[in-house]
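K.L.:
coordinates only, sequence not included:
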C-alpha cells in the first residue's frame, strides 16, 4: 500500500558534493525563538549539501540559573531555532540532516520536577485526584574537561558524575496539512522526540511537508536516561554543526535515523503500544524496500535482532525508536 | 505506604555458605511438564543455598523439528519444569534465584509466525477485522562452537548469523491469592517475562506467595530481539544450573533482577505505559530503601541515568525492565 | 477464522422444557465462599433447564456495617457463591444463565474509596509517586418500598436518592487452560465484569471451559454509575433466582448478554481500546453468524447504531459492552 | 490546583438579552472552507448573544454522491465553516455555544470504510502488517418526513431505518499556544469530538485561547452509533442556527456540554483510559466548583450515578464524555 523507498544511504555516499558545500551561520536573538513547528517565515536559506552552524537555548529559554529560580520564569517550553528553508525541498521529498558536531554551550545543566509532567506523576493527560508532586530544580555542574555532569542529591549529600552525551531533544520540520504543533510535541514531522539518536555522527531523515521543509532545532540535552521519566534531561544550550541534504522524490511517513552501524525508525504516539507498532511497521517497510527482505522475513529477523529504545514517556506523544544493526541485513539495494 | 527493603545483595555476598550447598538434579519426563504457574505438588525439594541442575523443553514442547511441522502439533505453549519447593520459604519472603549456567540443549532453534500473536499482527487481545497473517516456521541451525544461530530467509537466499545469548523466557513462582496463571503470562509472580536479564550471572528475585515458593522455569531462548515482536525468540530447550536462596522477612511486589553492575525492576501489564509505571515506581522504592536516596532524588537521577528494556510486547501482559547502573548509586545500606 | 454460531435465542424459545425444570436451593455459609474462579469441587449440581435459588454476600463479605468499620476488616474481595456444576456441560459448549429475579438482601449498601483502587486514583497497576487518596466509607440506606438508595455526602449535608438497579458484579465460570483467577478479575470466563446488563430479565452466555462449567456469582450491586469510577458500586448482598441451560456444541470466546431488545458482546482487557476491539469483533461475528449480515455490512451498521457501555475502569481488566438493538438486525437465522 | 468555576448556567438564564440578539447569516462558498482549527482571518464577527445562521458541507466536501464515487475524490476531510470572531472574547474566557436548530441539508447521507481508519481496522496510528480492509461506500437515503435514514446492506438485500439525530461532528475554536490542528482532531479546543451531545437544545462550552475565540463548525452527522466504530457516521451537510455567548473571566481546560438535564465533561486523548481520566477529573472539578460537593464526595457520587458516552474511537484522539444528571446534584451555586 505504501511506497517507501529511501536510498538515503546511497546518496550520502555520493560524498564529493560535500567538498563544495557552503557553511551558513545563524545565531538567534531572544526574539527569534519559535514555540511551534509550523509554516513560518524562514530565518535563513540553505542549499542541499550546505552546512549550518547555529546554536540553541535550553528548554527553559536559559532562565533557570540559580537554585532559587522557579519554573514561573519560563516564557515557553522548548524555544526553537529556525526555521531554515532548504532550497528545492518539496512535499514528497525527504530531508536528511547529518549531525556533524554538538557541543554543550554552558557550564551548568538543569533538571526539574514540574507538576503535571512525568512518567510516574499525575499529568495533564493522565490526571488523577491525588495531590501533585512538588516543583523542584536540580542544577548539574558541567565539567568540559572530563565531559561529565554532576548530579547532586537535594535530600542528602550524595553526588555522582554522569558522562555527557549531547543531543537535540527537538528536531523537526513544518507539519503536513497546515498544522502547527507545539515544540513539546513529537509526531510525524519529528519534533520533541527526545531521542539521543539525534547525536553527532548520525543522520536524521524527516518527511518534507511544505516547500523548503522548514527545519527547526532545540531542547539540547547534555545527557538523559531512557524514558526521560521525571520529565527533563540535563537541559542545556547547544552549539551545533549540521549538514542538510534533500533526497528528491523519496517520501517517508515518520522520522528515521541512521548511524554507521544501524538503521532506526521512530514511532511517536500514545499509548506506547501504538508508538511501537508505528516504529516497527516503518522499520519492516524500510528493510523490505531498501534491503530486499520480504515483509515476513524482515518481521521474523527483527524478532531475533531488533533494538528498542524507549526515549521518552513524558511528552504529549510517547516515542519508541526501533532499530537493527546493519550487520544483520542484506546489502543495501 | 509500601515497605520494601531488600538486602539481597548483602546476603549473596555471604558466600561461604555456597561451599556446603547441595546439588539437586531433576530432569522432567514428558508427563512431568506443567502449563500453569500454580500451587501444585512439588517435583523436588531444595534448601536455601542449594543448587539445582535441570533442563527445560522449548516453548513448543520440542515438537517442531522439520520445515513441514506445524503449530497444530503443539500440545501446549511454554511447558514448564517444576515446581520446586524451597524449604522454609513463606509468604512475605523473597526468593533469590542465581542463574549459574545456561546451555542451549539442541542443535536447532525455532521461530514462528503464529496467527493471533505478535506486536504488529492482529491478536486475540488486539483483534481486528483484517485477515490474519499466515502461519510460518523458521528453523535456526545452532553452531555450538561459534556460539551462533543462523537466520535463513524463507523468501530469498539471505542468511545471517546471530550470537547466542541464552536465557529463560519463563521463570516464576506460584501466584498469590490462589490464582493459577497460564505459562504464557508474565505478572507479579514472574512467569513469561521473556527477559534476557534472566541469563547466567544474574540473580532473579521473586515474591514468595505460598509455602515453598514453588519455582518453575521454561521457554528457553537462544537469542531474542527487543520486544520479541513477531511473537517468538529463537526457541530452544536449555540445560540449567541455578542456585536458590530464601531471603526471610523481605517482601517484594514485583520481580527484580540484579547483575554485578545493575539493579533492575520488572513491570508487566498493559498498556506498556502501565508496565513502565510499575517498573519505575518499584525501582524508585528499591533505591530509596536499599540505597538511601529520597524518592524525589531517585526519580530525578533515573531521569538522567535509567535504562529501559522493553522485553516483549506479545504476551497477555507486556514487560518493561527499568534499571540503573550501580555506579550511579550510593553504597548499599 | 472463528466459527461462532450461537442459536441461544432459539433454544430459549423452546419454552415447554421450562415447566418441568427443577428448583435447586443453595445458601452458602461463611466457610463456603470462594475467592477465585477455578476448577474446584461443586457445591451443588444443576441440570440444564433447572432454576437455582441462592444468595450472595457483598464484595466486602458483609463486614462493613457501621461508619467506623474499615477495609482492614475485609478478609477477601468479592466472595463468590458456587461453583455450581451443570450436568452435561462440556468444553466447547455455551452456558446460558437467565437472571429471573434479583433482590437486594440488606437495608444498607456500602461504597468505599480504597487506596490503590479507582479510575482517577493512583492504583496498583497505574502507580505514581503521588500520595494516595485516603480510605473512606459511604453507607447508603436502602428503602425497599421506594426502591431507592440514599447517597449522603460526608463533607456537607447534601443527600440524594438513587433508584435501585440490582445486578451481579461477578458472574463467571472456571477459566480455560487450568487457570484460576481472582474474583476481582473480569476476562474470557466472565468474572468481575461489573456489568448492569447482568440484571433480571437478561440472559448471560458464558463459554464452557471445563466439565460442568462451574458457575459462580457474587459482588451484588444495588446501583452503579457507568465506569464504577471510584472503585465500588452501592455494594450489597443479593438474593437471586437464575435458570441455567447448556447450549451443546456452540462455542463462544467471550461473554455475551441478551435482552428482549438487544444483543451485547463483552470485551475485558487493558487498555480500554483493546476491550472495545474485543467486544466489537465479537459482535460483528455474532451478527454475521446468527443474523446473516456480511462482516463489512455488520461493521458499517454498527457504526450507525451500536451502543457502548463502559461498565468499569477500575478492575485488573477494564470492561466494554458493545450492543445493538435487535430492531436494526435481520431476523435471527 | 485548578480553579474552574463556570457559572454558565446562571448566565444563560439571564434570558432577556436574547430578545435583542442580532442574527448573523453566513454561508460559505467552496473556497471559504477550512481544514484546520487555527488562528486565521474571520469570515464574520458576532457579538455575545448573537445568533448565527449558517451551513456546513459533509465530511467529504459533498463529493460522494453516487455508488461509483470513491474517496479519491475527497480534497480534504471535515471541511469547516468559519472561523467566526466573537467580539470581546479573550484568552481565559469561556465561549458558550447554544445549538438552537440543526437540520439535515441533503436527501442522502454517506458512510464509508476507509483503509487506515476505524476501531477494528488497522490504522495509521495502530498499524499492523495485515492486509487492509477494502474501501467501501454506503449511501443512506434520508426521509425528511419520517425523520429517518435507511441503511442498505451491500452484500444482501437487508435494509433498515435509523432515526435521525443530527449533530456537529466538529465544533471548536483556535487552539492555544499558536497551534493549528487538523479538522480530524479532537482536543482541548474541541474539534472533531463526534459527540451527539452537540445537538439542538444543548450548550457547548469551549475555552477561549485567542482574541475572538474563532469558532468553527462542520462534519454534520445525521445519526451515529456509539464509538463511530467503522470511521464514519451517516455523513451529511447541515443547516444550523446557534447562539454564542462569552462568559468573561471563567476559564475551562476542556470542552463541556450542558443540557436541561445534565452536565457533561469531555476528555479527548489516547488511550481511552486517559480520555476517561481527563473527563472525570474535569467533571469532579465542575461539580466541586459549581455545585459545592467536596472532591471526594463528588467522586463517590459519580461512582454511583455517572454516565459515560464513548463517542468515537477512530480519530487521532479518542473521546469520552462523562456526565451526571442534574437531579443528583445540589443546587447550582
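P.N.:
In hand now; what should we look at? Just so it is clear, the structure is predicted and the values come from calculations on it, not from any experiment.

K.L.:
tell me the contacts of residue A:272?
P.N.:
Applying C-beta atoms under 8 Å, 6 or more residues apart in numbering or on different chains, we find residue A:272 in contact with A:310, A:313, A:318, A:320, B:271, B:272, B:273, B:276. (Glycine included, C-beta is placed from N, CA and C.)

K.L.:
in TSV: those residues, plus pLDDT and distance to residue A:283.
P.N.:
Putting the contacts of residue A:272 into TSV (pLDDT from 0 to 100; distance: C-beta to C-beta, whole Å) gives the following:
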residue	pLDDT	distance to residue A:283
A:310	98	15
A:313	98	20
A:318	98	17
A:320	98	10
B:271	98	20
B:272	98	17
B:273	98	21
B:276	98	21
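
K.L.:
okay, now the unreliable bits of chain A?
P.N.:
Counting by pLDDT under 70, the ranges of chain A that qualify are A:1-20.

K.L.:
need the residues of it near chain C, please.
P.N.:
A:120-122, A:126-133, A:271, A:273 (C-beta under 8 Å from any C-beta of the partner chain).

K.L.:
which one of those residues is nearest to residue D:257?
P.N.:
Here the nearest of the residues of chain A next to chain C to residue D:257, counting by C-beta to C-beta, is residue A:127; it sits at 19.1 Å.

K.L.:
ok, now which ones touch that closest one?
P.N.:
C:120, D:277, D:278, D:281.

K.L.:
list, one by one, the residues from the stretch 201-333 of chain A near chain D.
P.N.:
With C-beta under 8 Å from any C-beta as the criterion, the stretch 201-333 of chain A comes near chain D at residues A:269, A:270, A:271, A:274, A:277, A:278, A:281, A:284, A:295, A:296, A:299.

K.L.:
my read: residue A:61 touches residue A:75, true?
P.N.:
Yes - at 5.6 Å, residue A:61 and residue A:75 qualify as touching, with contact defined as C-beta atoms under 8 Å.

K.L.:
neighbour-wise, which of these two wins?
P.N.:
For residue A:61 versus residue A:75, the count of surrounding residues by other C-beta atoms under 10 Å in any protein chain shown is larger for residue A:61: 19 against 11.

K.L.:
what about the nearest residue to that one once chain neighbours are set aside, neighbour count?
P.N.:
On the basis of C-beta to C-beta, 6 or more residues apart in numbering or on different chains, the spatially nearest residue to residue A:61 that is not a chain neighbour turns out to be residue A:79, at 5.0 Å. Residue A:79 has 24 neighbours, counted by other C-beta under 10 Å.

K.L.:
circling back: which of the contacts of residue A:272 sits closest to chain C?
P.N.:
Here the nearest of those to chain C, counting by C-beta to the nearest C-beta, is residue B:271; it sits at 4.7 Å.

K.L.:
who touches the closest one in this structure?
P.N.:
Contact analysis of residue B:271 by C-beta under 8 Å, 6+ apart lists A:271, A:272, A:273, B:318, C:270, C:271, D:271, D:273.

K.L.:
just say helix, strand or coil for residue A:278.
P.N.:
For residue A:278, the assignment made with DSSP: H, G, I helix; E, B strand; the rest coil gives helix.

K.L.:
quick check: the gap between residue A:186 and residue B:130.
P.N.:
As defined by C-beta to C-beta, to the nearest Å, residue A:186 lies at a distance of 27 Å from residue B:130.

K.L.:
looking at these two, which is more packed in?
P.N.:
Set side by side, residue A:186 and residue B:130 give different neighbour counts by other C-beta under 10 Å, the larger being at residue A:186 (31 against 17).

K.L.:
so that one makes contact with residue A:206?
P.N.:
No - between residue A:186 and residue A:206 no contact is recorded; they are 11.7 Å apart, counting by C-beta under 8 Å.

K.L.:
mutual contacts of the two, please.
P.N.:
By the contact definition C-beta under 8 Å, 6+ apart, residue A:186 and residue A:206 are jointly contacted by residue A:172.

K.L.:
how many neighbours does the closest residue to residue A:181 other than its chain neighbours have?
P.N.:
On the basis of C-beta to C-beta, 6+ apart, the spatially nearest residue to residue A:181 that is not a chain neighbour turns out to be residue A:37, at 5.0 Å. Number of residues near residue A:37 (other C-beta under 10 Å) recorded here: 32.

K.L.:
what are the phi and psi values at residue A:37?
P.N.:
Comment: the main-chain dihedrals of residue A:37 come out as phi -90, psi 110, following degrees, to the nearest 10.

K.L.:
quick check: the gap between it and chain C.
P.N.:
In this structure, residue A:37 and chain C are separated by 27 Å, where distance is defined by C-beta to the nearest C-beta, to the nearest Å.

K.L.:
what of residue A:204?
P.N.:
Using C-beta to the nearest C-beta, we find residue A:204 at a distance of 30 Å from chain C.

K.L.:
run a quick neighbour tally on residue A:158.
P.N.:
One way to gauge burial is a neighbour count; for residue A:158, by other C-beta under 10 Å, it gives 19.

K.L.:
residue contacts, it?
P.N.:
The neighbourhood of residue A:158, defined by C-beta under 8 Å, 6+ apart, consists of A:152, B:292, B:293, B:297, B:330.

K.L.:
ok, the contacts of residue A:272 vs chain D, which is closest?
P.N.:
residue B:271 (6.1 Å).

K.L.:
residue A:310 sits in which helix or strand?
P.N.:
Using DSSP states H and E, residue A:310 maps to strand A:306-312.

K.L.:
sorry, slip of the keys, the one I care about is residue A:265.
P.N.:
With elements delineated by DSSP H and E, residue A:265 resides in strand A:262-269, which encompasses its position.

K.L.:
then residue A:177?
P.N.:
Residue A:177 belongs to no helix or strand when assigned by DSSP H and E.

K.L.:
again, but for residue A:304
P.N.:
When elements are assigned from DSSP H and E, residue A:304 belongs to helix A:295-305.

K.L.:
who does that helix touch, helix- and strand-wise?
P.N.:
For helix A:295-305, the contact count by 3 or more C-beta pairs under 8 Å, 6 or more residues apart in numbering or on different chains; DSSP states H and E identifies helix A:272-291, strand A:318-325, strand B:108-113, strand B:136-143, strand B:148-152, strand B:159-163 as packing neighbours.
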